[in-house]
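> starting from these lines, generate the structure:
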Amino acid sequence: MIFLLRQQNKPSVEDARRMGQLRTQVDTLTQELVRIKRQSSKIEEEIKSLQDKILEIGGDKLRAQKSKVDQIKDQIVLINERITKSQVAKSRAEKDITKFENSLAKNESELEELNNEIEKLTEEIQQKAEVAHSIRARANEAKSVFIRTNF
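A predicted model of the protein is given here:
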């Protein structure tokens, strides 16, 4: 019975797999977030550089540079959306990990309570077995006295 309780207390293979996946996902998303922030920083530097060049040049070159700036701004918007999605996914994964860890702690507590109850019941069974053994011994003694007196 203790073995079954210990088995039930352990996270299931599915829970353990999911926790591993969530941890991996959090790590991956964190790395992607850092990478995306670096890209965003580089793009912002490039925008500043392009704006400075635009001010120097003018005319057709101005329109071409403006087009590049617009493209870079679009890239920044897309990267910011990816950053937001990554942060949301990371937050969700962290909450799932917390939930699984809390569940595991609760199961361990319940297992401890059940182990204590089993220990008490085992002691009670042993005491009752001793009483039963004593009663049998007295019954056998009474039986042998009865047989001796009647025969």
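
> so for stretch 95-112, what gets flagged as buried?
If you call a residue buried by 16 or more other C-beta atoms under 10 Å, then stretch 95-112 has these buried ones: 96-97, 100, 104, 111. In this view, the C-beta of every residue, glycine as well, is placed from N, C-alpha and C.

> what's the answer for stretch 24-31, then?
Counting neighbours by 16+ other C-beta under 10 Å, stretch 24-31 gives 25-26, 29 as buried.

> out of these, which sit inside helices?
25-26, 29 (DSSP state H).

> what's the helix or strand A142 falls within packed up against?
Using DSSP states H and E, A142 sits in helix 59-150. Contacts defined by 3 or more C-beta pairs under 8 Å, 6 or more residues apart in numbering; DSSP states H and E place helix 59-150 against helix 2-9, helix 13-56.

> got the angle for it vs helix 13-56?
170 degrees (axes from the mean of the first three to the mean of the last three C-alpha atoms, to 10 degrees).

> from the chain's centroid, how far away is helix 59-150?
The chain centre lies 10 Å from the centre of helix 59-150; the measure is C-alpha atoms, centre = their mean, to the nearest Å.

> cool, stretch 23-38 as well?
The answer for stretch 23-38 is 18 Å, by C-alpha atoms, centre = their mean.

> so which residue is dead centre in this structure?
I97 (2.6 Å; C-alpha atoms, centre = their mean).

> tell me the contacts of that residue?
19, 22-23, 26 (C-beta atoms under 8 Å, 6 or more residues apart in numbering).

> most neighbours of all those residues, which one?
Per-residue neighbour counts (other C-beta atoms under 10 Å) across the contacts of I97 peak at L22, which has 20 neighbours.

> correct me, but that residue touches D96?
Yes - contact criterion C-beta atoms under 8 Å: L22 and D96 qualify, at 5.0 Å.

> tell me the pLDDT at G20?
On pLDDT, G20 comes in at 87.
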